Every structure is written in C-alpha cells, then in structure tokens.
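J.: Attaching a predicted model along with its sequence, questions to come.
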Amino acid sequence: MLEGFFQGTEMPDAGWWEALWPDPAGVLRECGLSAGAFALDLCAGTGWFTLPMARVARQVLAIDVDDELLDVARRRLGDAGLTNCEFTTADAYQLGKFVSAPVDFLFLANVFHGVPDQTRLSRLVAQVLARGGLFAVVNWHQRPRERTTVMGAPRGPKTELRMTPDSVTRAVASSGLALVRVAELPPYHYGAIFQKVRG
C-alpha cells in the first residue's frame with residue numbers, strides 16, 4: 001500500500017472496471033462535465049475517466065498518488081492522440097500545490113468513502129474550484145457488498161465503508177459547496193454533484 005493511498009480504493013483487476021463502467025463519457029455527462037471546461041480527475045488511476053474527459057474538456061489535470069497507474073493513463077491518452085492533459089503524481093491532500101487555475105469541474109470516482117478526513121479534502125476542493133464550478137463525487141450505493149456483483153463476483157469497498165448521498169453531503173457541507181443534485185449511475189453508483197456558489 002502506497003503512502004497516501006486511501007482505504008478501500010485500490011484499482012480493480014483488468015476487465016471488470018470496463019464491465020462496470022462501459023460508458024464513462026455518459027457518467028461524466030450525468031455529473032455535469034461541459035465542453036471547454038478546465039477539468040480535474042482527482043485520484044485518476046489508469047485514466048478510464050480521464051480519456052473521455054479530455055475529449056470534452058479544454059484542459060485536464062489528472063492527479064494520482066501512484067505513478068505506475070498514471071503511466072497507464074499517459075499511454076491511454078497518448079494512444080488516442082490527446083495532448084490536452086497534464087499528469088501529476090501527488091497525494092490528494094496536496095491538491096492546492098498543483099492547480100494553477102480555477103477548476104470548472106472536479107471529478108472523484110470510487111474514492112471519497114476511503115478518505116480519512118473528508119471535510120479537509122472537501123475544503124481543498126472548494127479552494128481550487130472556480131465560482132460556479134462543480135465537484136462530482138461518484139460513490140457506491142450503501143448496499144451490502146455481496147449484492148454488488150460484477151462478472152459474477154462481489155466488488156467494491158467493504159459494506160461498512162459505503163456512504164449514502166446524505167452522508168457525503170454532510171461531509172462536504174462545511175466546505176461551502178452546495179449540493180446541486182444526486183444522479184443515479186446504474187447499476188450500483190450515484191453521483192453527488194456540488195457547486196461553488198460563492199467566490
């Protein structure tokens with residue numbers, strides 16, 4: 001386990017990630033990504049969402065604590081001929097050190113449940129967001145792990161780590177970000193989408 005790696009957020013075996021998320025571009029649309037945005041894929045991993053993000057956004061910053069995973073993302077975007085993405089190896093708590101411009105859309109998938117200090121991270125997100133910018137938190141629904149199967153086996157974090165949209169909202173509330181909506185992302189996820197309403 002790498003230092004800075006959040007509990008229950010390890011990258012899955014090859015194959016089932018694609019089976020779970022066959023339409024990552026559709027997930028990003030549901031979460032509010034718009035054309036021309038400056039987007040940030042936080043805890044980007046192998047870039048499954050970074051690639052479709054870069055096809056829509058003006059500029060993308062992908063951050064992950066694991067440089068080997070980011071190498072996969074670099075190759076993925078390079079093979080697609082996309083050059084509008086910068087990759088940074090860093091702990092998520094170092095967010096403010098690497099963001100030079102206000103972010104329009106910040107995406108965090110399958111990670112928030114494992115963040116030890118969710119309030120701290122939410123406040124850091126609020127600091128880098130542009131006014132009107134969106135923070136999209138994609139999480140597993142709070143269902144027993146044995147009921148969230150992919151390719152015939154239980155997947156996702158331990159049952160006790162899973163969060164309801166209300167618990168995510170409570171964790172983010174003190175950052176000053178306002179919940180805009182909760183999007184259903186079948187079969188097992190939701191997206192809690194927050195907005196920076198003050199400058």
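T.: Ah, there it is. Residues are numbered from 1 along each chain as shown.

J.: how far is the one helix or strand Glu184 maps to from where the chain is centred?
T.: Per DSSP states H and E, Glu184 falls inside strand 177-185. In terms of CA atoms, centre = their mean, to the nearest Å, the centre of strand 177-185 is found 14 Å from the chain centre.

J.: give the contact list for the closest residue to Ser122 other than its chain neighbours.
T.: Nearest non-adjacent residue to Ser122, counting by CB to CB, 6 or more residues apart in numbering: Ser175, 3.9 Å away. For glycine as for every other residue, the C-beta is placed from the backbone atoms N, C-alpha and C. Going by CB atoms under 8 Å, 6 or more residues apart in numbering, Ser175 touches Thr119, Ser122, Arg123, Val125, Ala126, Phe194.

J.: any chance you could map the helices in this protein?
T.: Residue ranges of the helices in the chain, as given by DSSP state H, are 16-20, 24-30, 50-56, 67-79, 95-98, 118-128, 165-173.

J.: between these, which gets nearest to Leu108?
T.: Smallest distance to Leu108 across these (CB to CB): 8.0 Å, for helix 118-128.

J.: Just the CA coordinates for that closest one, please, in CSV.
T.: This file holds the C-alpha atoms of helix 118-128, laid out as CSV (Å, rounded to 0.1, in the frame of the first residue of the first chain):
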residue,chain,number,x,y,z
GLN,A,118,-13.4,14.1,4.0
THR,A,119,-14.0,17.6,5.4
ARG,A,120,-10.4,18.6,4.8
LEU,A,121,-10.4,17.3,1.3
SER,A,122,-13.7,19.0,0.5
ARG,A,123,-12.3,22.3,1.7
LEU,A,124,-9.3,21.9,-0.5
VAL,A,125,-11.6,21.1,-3.5
ALA,A,126,-13.6,24.3,-2.7
GLN,A,127,-10.4,26.4,-2.7
VAL,A,128,-9.4,25.3,-6.3
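
J.: and it, how far from the chain's centre?
T.: 13 Å.

J.: And the residue of the chain most remote from its centre, how close does it get to Val180?
T.: Centroid-distance maximum for the chain: Gly152 at 25.0 Å, with CA atoms, centre = their mean. Using CB to CB, to the nearest Å, Gly152 is found at 36 Å from Val180.

J.: for Pro165, same thing?
T.: Distance from Pro165 to Val180, by CB to CB: 12 Å.

J.: Pick out whichever of these two has more residues nearby.
T.: Neighbours per residue (other CB atoms under 10 Å) separate Pro165 from Val180, with Pro165 holding more: 18 against 15.

J.: Neighbours of the nearest residue to the more buried one once chain neighbours are set aside, how many?
T.: Nearest residue to Pro165, sequence neighbours excluded (CB to CB, 6+ apart): Val182, at 4.6 Å. Each residue near Val182 was counted by other CB under 10 Å, and the total is 17.
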